[in-house]
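Asks: I'll drop the sequence and a predicted model, then ask my questions.
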Amino acid sequence: MGMLPSGEVNYTALNGRTLLERLIVELTEIVQHVINLSDNQTARAQLVPFLSQRSAAEIYFLIAIMYIGRGEAQANEVFATYIDVSNLFSAPSLAIDQMLGKAPLSKYLSDGVGKLNQQGIDLNTLLSSYSEPPIADEKTITLSLGPPWYCDTCGEIINSVDAGVVQWLVRPENERRFGKELKIVHHLLSSPRKENNGCYLNEPSFELADYHLTEMLETDGLVRLLSLAGDDVLPFQDVNRMIMRLFVPGYEQARRFFTRALSDGVVKPSLPTDYFFQEGLRTIIANSQRWQ
């Protein structure tokens, strides 16, 4: 790929390159944009919204280049510095605050890019010898349906279809059935909670309704869920999320990290709350190690 340009970026074909390589190519343009903004005191106010729209990876690379420019890190250790700053700043917003607190930000970034160029860093060579890249290549992430699922009562893993149950609470109300608390929980025989009803739902004045996961994962299970929403027994939002947990590959794997992924800027909200396309789920899973 060659070394990082200090000025205008000439984009090359990115097909077949890893996520990390693509980020570095795109990052050079971001660096130049931040340099241009921070050179102008009036335009500096634009940095906050601009940086807030960048991904977590872009922010961490940006501050790594800043530290290289300040002389606090070596250009030939750019990836090690990236790992260090991603561990130091638990959220990209903290890294942004750190960068904006540096008055000569444009100088630090310009110097950092210059030092990388002086080293003649070839990213292809560097990456091929780097055994533990800081960002997982999203293309290697396989999205799958459960198991495992995560019990909504105890939070522990449900590691087989035989070990789980889909449950909700229901009671008659104004000549119709009113339901709530649509959950996936451990089957009583598989529950880590050995007392009383294990992980099963329980609330006075409500009856317990349930189906085994084996039944709900069939086509008829999908119809059962849709009928519960169609008859207004359960809120359609709850039914939709349960359908995604059971039938959308990668959803249950990524679900625990939705809030952190959004707050850290790893993904950007473009759909209703808790809805993600496959690309977004894959990105969340690729970055999930930092939140575990």
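Replies: It's in.

Asks: Output stretch 61-70 in CSV with nothing but the alpha carbons.
Replies: The C-alpha coordinates for stretch 61-70 follow below in CSV (Å, rounded to 0.1, in the frame of the first residue of the first chain):
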residue,chain,number,x,y,z
PHE,A,61,-5.5,5.9,15.4
LEU,A,62,-5.8,9.7,15.3
ILE,A,63,-4.7,10.2,18.9
ALA,A,64,-1.9,7.6,18.4
ILE,A,65,-0.6,9.8,15.5
MET,A,66,-0.8,12.8,17.8
TYR,A,67,1.3,11.1,20.4
ILE,A,68,3.9,10.2,17.8
GLY,A,69,4.0,13.8,16.6
ARG,A,70,4.5,14.9,20.3
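
Asks: starting at the chain centroid, how far to that stretch?
Replies: 24 Å (C-alpha atoms, centre = their mean, to the nearest Å).

Asks: what do you get for stretch 228-238?
Replies: Distance, centroid of stretch 228-238 to centroid of chain: 28 Å (C-alpha atoms, centre = their mean).

Asks: With stretch 174-187 instead?
Replies: The mean C-alpha position of stretch 174-187 is separated from the chain mean by 30 Å, C-alpha atoms, centre = their mean.

Asks: Could you do stretch 250-257 as well?
Replies: 9 Å.

Asks: Tell me which residues are up against that stretch.
Replies: Stretch 250-257 has contacts (C-beta atoms under 8 Å, 6 or more residues apart in numbering) with 141, 143-146, 148-150, 244-245, 261, 274, 276, 278, 281-282, 284-285, 287-288, 291. In this view, the C-beta of every residue, glycine as well, is placed from N, C-alpha and C.

Asks: I'd like the list of those that fall within strands, please.
Replies: Among those, the ones falling in strands (DSSP state E) are 149-150.

Asks: Just the buried ones out of the contacts of stretch 250-257, please.
Replies: Among the contacts of stretch 250-257, the ones that count as buried by 16 or more other C-beta atoms under 10 Å are 141, 146, 149-150, 244-245, 261, 276, 281-282, 284-285, 287-288.

Asks: As a check, name the ranges of all strands in the protein.
Replies: Using DSSP E, strands in the chain cover 149-150, 157-158, 164-173, 176-186, 207-212.

Asks: Can you redo these as CSV, where the extra columns are distance to Pro235?
Replies: Output for the strands of the chain, formatted as CSV (distance: least, C-beta to C-beta, whole Å):
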stretch, distance to Pro235
strand 149-150, 21
strand 157-158, 23
strand 164-173, 10
strand 176-186, 8
strand 207-212, 15
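
Asks: Okay then, goodbye and thanks.
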